[in-house]
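> Here you go, sequence then predicted model.
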Amino acid sequence: MSEPRDATPVTAAANAAVRKALPFGDTKDFEDVARGLIAPLPDGGVIKNADGRVVWDLSKYSFVVDEEASLADVGKRGGHRFPGGAA
């Protein structure tokens, strides 16, 4: 495997242009992600392609439970269940 090299001048210039163009001072997105919020999913997490066929259905993953979630949190998320049947 080769050793890492410095970026070429062209790559360094492109990276610098992106750094200037994007609002890196705005940390709200990072704060939202740290809290676990990316964005609410429309249509209950069901995503369809242009033909109307379901290509992603988040409800199929409702068995996944956050191990640190309290029972109250589970109720707020729509009744997902803990293993063993607790709501």
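Sure thing, it's come through.
> Neighbours of residue 58, how many?
Neighbour count of residue 58, defined by other C-beta atoms under 10 Å: 13. For every residue, glycine as well, the C-beta is placed using N, CA and C.
> same question, residue 32
12.
> That one and residue 5, how far apart?
Residue 32 sits 35 Å away from residue 5, taking C-beta to C-beta, to the nearest Å as the criterion.
> next one: residue 49
For residue 49 relative to residue 5 (C-beta to C-beta), the value is 41 Å.
> which one of these two has more residues nearby?
Applying other C-beta under 10 Å to residue 49 and residue 5 shows that residue 49 carries more neighbours, namely 9 against 6.
> And the pLDDT for the more buried one?
Note on residue 49: pLDDT of 95.
> So what pairs up with residue 46 in the strands?
Beta-bridge partners of residue 46, counted by DSSP bridges, are residue 57.
> got the contact list for it?
Shown in contact with residue 46 (C-beta atoms under 8 Å, 6 or more residues apart in numbering): 54, 56-59.
> Take those and lay them out in CSV including distance to residue 16.
Formatted as CSV, the contacts of residue 46 follow (distance: C-beta to C-beta, whole Å):
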residue, distance to residue 16
54, 43
56, 37
57, 42
58, 39
59, 44
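> could these be laid out in JSON lines, adding pLDDT?
As requested, the contacts of residue 46 are exported to JSON lines (pLDDT from 0 to 100):
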{"residue": "54", "pLDDT": "95"}
{"residue": "56", "pLDDT": "90"}
{"residue": "57", "pLDDT": "91"}
{"residue": "58", "pLDDT": "86"}
{"residue": "59", "pLDDT": "82"}
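> which one of those residues sits closest to residue 20?
The nearest member of those to residue 20, counting by C-beta to C-beta, is residue 56 at 35.1 Å.
> Please pull out the lowest mean pLDDT helix or strand from this protein.
Of all helical and strand segments in the chain, the minimum by mean pLDDT, DSSP states H and E falls on helix 71-76, at a mean of 50.
> Mind giving me the packing neighbours of the strand or helix carrying residue 31?
Here residue 31, judged by DSSP states H and E, is contained in helix 28-35. Contact here means 3 or more C-beta pairs under 8 Å, 6 or more residues apart in numbering; DSSP states H and E; on that basis helix 28-35 packs against no helix or strand.
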